[in-house]
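Asks: only the shape, not the letters, is given here:
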């Protein structure tokens, strides 16, 4: 890294209380403190957020698209994890 | 350092040469199928090299345009004639810096760093939209840029929100949402001038006279001369042809100009009942090519200012990097 | 001073006996002009910042200040008449805020000095029941962020490289003599100048020390240099700034924009 080449950070914004942080984009900053401030200025200029996370992009470990099948397909054939799998007689409430 | 963006480049792997070809074909088929099904391509997906290169070129040019595009408008921030207009203009120029950043960030997911892209801009190896090589001579130019230049940009950009590359499409959604005020403020500014004093009206008409034709050129060369169009359409990076978007823009502007009480500087402009579109005059493509080659009124000035800001800021960026390094080291010592 | 004042409101205020209204007017002008002039200076950075993220950050601060200026000037009269039609001598801003941007270190030093003052003053005004309490309560949140921005950068420039340290040192020193004016009394504002000076000095000194910078020595004001902006006496570059800011508006008398 050249001295002027600031690392990349991923930005996550909680748009309002009750919601989880969502990936908003990335930016460059020399350190975490400025990354947070830059994120505030860049991604919440119009009041889009109540809380921000910044994570060094280099620290993100991602699943690879090749692993899509072993990672995510087993979940697709377990319909019993979803409430719609179960038939309940009509008129039963609060289920 | 390895960033997420740099770690994404994946090549089909296999044991022997035969496997490689087979695997490559399988990857390509999967990519084609995803594009055909209107699914989004995401950073870690396999993609043809040419697709990646086209995207980097287009997103970079788009980002550079936002950044260079700050200059002609920033030229009037210190002279804005009312505090309300000053606030609007400052917010708009700030948005452009922000939009440049969103786009550089999208380009970085393709494995190209922002420093690399800026370097290509500064050395003239990557382009930005030629429209920003025209000067802003009066206050009315700020209005004409908002109405015509941003209007043309929006016509181009709205379909990009459905572009096949996910990060670019998402950046465009954010940008289009934020830009909705840019065009309206320009129109409102021109309306105030057009309905103002005779001098103000004349200022507005003069600006429209100068910006109309360059705005039409923003859609790029005619379809039969456009180098990259066909492939970009197949890849769904692009959804409409240059001429199609240009026609759409002209049709939108004509009634808007009437309400403004301003004339579009084209004697051949008229409604064609048969086509149900407006006919318009011949565009001077020699001017377009000249500006593209670097011979526009402000090419030199724009790139010089950009380079100067970057060079003069080097010591600041270095200072912050040095500080971060020092304090990261201190943090480790403390933890040890 | 009235000869050089074209604005009807300003003229009336200058001639009128010191009623509560004219006091209010003078204070609104002082605070409003500070915000207006500094916002204008920060606006000059657009497209010139050392890194794009700072283009966005400086514009945010400039927009906050412009918003404050518009509220304050509107308390004193018509915002555009006051901004565009007053002569230099009728402006009541501190000389500090009109100082040219210089390099990024100068801009940050100016931000550090001013935002620390503004945060302390507004926090104080917000607790009172004067006519500025409402505005101050809202603005103090914005200004705290400005101060934080200035402090973060003071640390990085002061404790960054040798080059940045030297630039920051020079900037802090050069602007020091414009800081004394901030603690002079302002008609219509209720604050204790010496208390404010002590709090300001404590806050600024702490940041400078963390940034490995010395607190500048020398007077915080001089015979001519400072203490005069609030009375309408400004520095050379201010006239040029106003000429640029007011030119278009004045070229079209009576026009609306």
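Replies: In hand now; what should we look at? Only a predicted model underlies this, so the values are computations on that prediction, with no experimental measurement involved. Numbers count the residues shown, from 1 in each chain, chains lettered A, B, ... in the order given.
Asks: just checking, what packs against the helix or strand encompassing residue C:136?
Replies: Assigning secondary structure by DSSP states H and E places residue C:136 in helix C:133-158. For helix C:133-158, the packing partners by 3 or more CB pairs under 8 Å, 6 or more residues apart in numbering or on different chains; DSSP states H and E come out as helix A:32-43, helix B:314-335, helix C:52-76, helix C:104-127, helix C:162-176, helix C:193-210. C-betas here are computed from N, CA, C, even on glycine.
Asks: what angle sits between it and helix C:52-76?
Replies: Here the directions of helix C:133-158 and helix C:52-76 differ by 150 degrees (axes from the mean of the first three to the mean of the last three CA atoms, to 10 degrees).
Asks: look at the residue nearest the centre of chain B and give its secondary structure.
Replies: Residue closest to the mean C-alpha point of chain B, counted by CA atoms, centre = their mean, is residue B:62 at 3.1 Å. Secondary structure for residue B:62, judged by DSSP: H, G, I helix; E, B strand; the rest coil, is helix.
Asks: doesn't residue B:103 make contact with it?
Replies: Yes: under the criterion of CB atoms under 8 Å, residue B:62 makes contact with residue B:103 at 5.3 Å.
Asks: residues of stretch C:249-257 that come out buried?
Replies: Across stretch C:249-257, burial judged by 16 or more other CB atoms under 10 Å in any protein chain shown covers C:249, C:252, C:255, C:257.
Asks: about what we covered before: tell me the contacts of the residue nearest to the centre of chain B?
Replies: Residue B:62 makes contact with residue B:103 under the criterion CB atoms under 8 Å, 6 or more residues apart in numbering or on different chains.
Asks: just the ones in helices from the buried residues of stretch C:249-257, please.
Replies: residue C:249 (DSSP state H).
Asks: can you narrow the buried residues of stretch C:249-257 to ones near chain B?
Replies: Checking the buried residues of stretch C:249-257 against chain B by CB under 8 Å from any CB of the partner chain, the ones in range are C:249, C:252, C:255, C:257.
Asks: can you tell me the helix or strand for residue B:262?
Replies: Of the helices and strands defined by DSSP H and E, none includes residue B:262.
Asks: residue A:19 too?
Replies: Counting by DSSP H and E, no helix or strand carries residue A:19.
Asks: skipping its backbone neighbours, what lies nearest residue 38 in space?
Replies: In the absence of a named chain, chain A is used. Distances taken as CB to CB, 6 or more residues apart in numbering or on different chains put residue C:53 closest to residue A:38, at 4.4 Å, once the chain neighbours are dropped.
Asks: wait, chain B was what I had in mind.
Replies: Spatial nearest neighbour of residue B:38, chain neighbours left out: residue B:236 (7.3 Å); criterion: CB to CB, 6+ apart.
Asks: pretty sure the one you found belongs to a strand, no?
Replies: No: the assignment for residue B:236, made by three-state DSSP, is coil rather than a strand.
Asks: what about whichever residue of the stretch 151-257 of chain C sits closest to chain A, how many residues nearby?
Replies: Proximity of the stretch 151-257 of chain C to chain A (CB to the nearest CB) peaks at residue C:152, 6.3 Å away. Neighbour count for residue C:152, taken as other CB atoms under 10 Å in any protein chain shown: 20.
Asks: where in the chain is pLDDT low?
Replies: Reading this off chain A. Scanning chain A with the threshold set as pLDDT under 70 gives A:1-4, A:65-77, A:79, A:83.
Asks: that's the wrong chain, I wanted chain C
Replies: C:1-23, C:223-227.
Asks: show me which residues of it sit near chain A.
Replies: Counting by CB under 8 Å from any CB, chain C sits next to chain A at C:51, C:53, C:56-57, C:60, C:148-149, C:152, C:156.
Asks: ok, the residue of the stretch 151-257 of chain C closest to chain A to residue C:116 distance?
Replies: 13 Å (CB to CB, to the nearest Å).
Asks: got the contact list for residue C:94?
Replies: C:34, C:114, C:178, C:181-182, C:226, C:229-230.
Asks: what of residue B:291?
Replies: Contacts of residue B:291 by CB under 8 Å, 6+ apart are B:130, B:133-134, B:214, B:299.
Asks: give me the buried subset of the residues of chain C next to chain A.
Replies: So, by 16+ other CB under 10 Å, the buried ones in the residues of chain C next to chain A are C:51, C:53, C:56-57, C:60, C:149, C:152, C:156.
Asks: wait, which of the residues you listed is closest to residue B:243?
Replies: Within those, the smallest distance to residue B:243 is 36.1 Å, found for residue C:56 (CB to CB).
Asks: ok, back up a step: using CSV, lay out the ones next to chain B among the buried residues of stretch C:249-257 together with distance to residue C:243.
Replies: As requested, those are exported to CSV (distance: CB to CB, whole Å):
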residue, distance to residue C:243
C:249, 12
C:252, 16
C:255, 19
C:257, 19
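Asks: ok, which stretches of chain A are strands?
Replies: A:8-14, A:22-28, A:51-56 (DSSP state E).
Asks: out of those, nearest to chain C?
Replies: strand A:22-28 (6.4 Å).
Asks: how far does the closest one sit from its chain's centre?
Replies: Relative to the chain's own centre, strand A:22-28 is displaced by 10 Å; criterion: CA atoms, centre = their mean, to the nearest Å.
Asks: that strand: which residues count as buried?
Replies: A:24-28.
Asks: sorry, back to before: list the contacts for the residue nearest to residue A:38?
Replies: Residue C:53 sits next to A:27-29, A:34, A:38, A:41-42, B:101 when contact means CB under 8 Å, 6+ apart.
Asks: what count of nearby residues applies to residue C:241?
Replies: 19.
Asks: quick check on the closest residue to chain B within the stretch 1-150 of chain C: phi, psi?
Replies: Nearest to chain B in the stretch 1-150 of chain C, going by CB to the nearest CB, is residue C:50, at a distance of 2.5 Å. With angles defined as degrees, to the nearest 10, residue C:50 sits at phi -70, psi -20.
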